[in-house]
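# no letters, just coordinates:
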């Protein structure tokens, strides 16, 4: 029988950006980039959230429970299960691209902090407008052109990448963005260089309920949430 960590963490600091908040806990969570926790919001429900650093989660207000989390205050306490899931793999190259869409920046920020002093990391964050930016990355794409490149994160990646080089791509964000990236890497014959983090709806976090199963039959919470490009298909992004 598997045993899962159950504990409470206190909020040390909250940094808000409109309807998004970066919440820092009073101690580290022993996990790796790409893994997630099940956050028990007392009086509400338990929700899955990616780690955005060893001590932080980055949350967007999309409903009653996330609204409570985004509006938390220093000293508040949350219940934690995890971390769970398969983390991003360790890159075997000297250059990686991180391609994030919207709140998909959360797990990629952890990966950025993890590797930025070891190898060349090019982090691309795509959002609709500059008000949605929460991290200070040099490569930014905004759909309205309010800052940085006018367009989306995948278009900026195509502009920056030299496909003759050896590199790895790690991505998280809306499924249409992931599908676009998947098709590009497949056409280039580089699916083995792609890794994506899927954000399917999860309830249990441990592979029992089946709520997060992909069209290919994988359980995102146990078999993922990170998947190599060769382990997914187009139907997993629809």
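It's in. It should be emphasised that the depicted structure is a prediction, and the values quoted were computed from it without experimental measurement.
# in contact with the residue most central in space within the chain, which residues are there?
The chain has residue 107 as the residue nearest its centroid, 3.3 Å off, counting by Cα atoms, centre = their mean. By Cβ atoms under 8 Å, 6 or more residues apart in numbering, residue 107 lies in contact with 33-36, 50-52, 88, 172, 197, 225. In short, each C-beta sits where N, CA and C put it, glycine included.
# 7 Å instead, please
Neighbouring residues of residue 107 by Cβ atoms under 7 Å, 6 or more residues apart in numbering: 33-34, 50-52, 172, 197.
# could you find the closest non-adjacent residue to it?
Once flanking residues are discounted, residue 107 sits nearest to residue 50: 4.1 Å by Cβ to Cβ, 6 or more residues apart in numbering.
# the helix or strand hosting the one you found: partners in the sheet, and parallel or antiparallel?
Assigned by DSSP states H and E, residue 50 falls within strand 46-53. Sheet pairing here is set by DSSP bridges, and for strand 46-53 it gives strand 36-40 (antiparallel), strand 56-60 (antiparallel).
# list of residues touching it?
Contacts of strand 46-53 (Cβ under 7 Å, 6+ apart): 22, 29, 31, 35-41, 57-59, 65-66, 83, 106-107, 109-110, 113, 202, 205.
# show me the domain layout of this protein.
The record's domain parsing of the chain by automatic domain parsing lists 6-84, 95-237.
# what mean pLDDT does the last one have?
It stands for domain 95-237. Averaged across domain 95-237, pLDDT comes to 94.
# ditto for stretch 9-28
Mean pLDDT, stretch 9-28: 96.
# kindly list the longest strand within the protein.
Longest among the strand segments of the chain by residue count, using DSSP state E, is strand 6-17.
# pretty sure residue 109 is in contact with residue 134, am I right?
No: between residue 109 and residue 134 there is no contact under Cβ atoms under 7 Å: 8.7 Å.
# and the two? Which one has more around it.
The neighbour comparison of residue 109 against residue 134 (other Cβ atoms under 10 Å) goes to residue 109, with 26 against 23.
# residues contacting that one?
52-53, 135.
# most neighbours, which of these?
Neighbours here mean other Cβ under 10 Å. Within those, the largest count is held by residue 52, at 26 neighbours.
# show me where this structure has helices.
Using DSSP state H, the helices of the chain run over residues 64-70, 105-115, 153-160, 175-187, 220-223.
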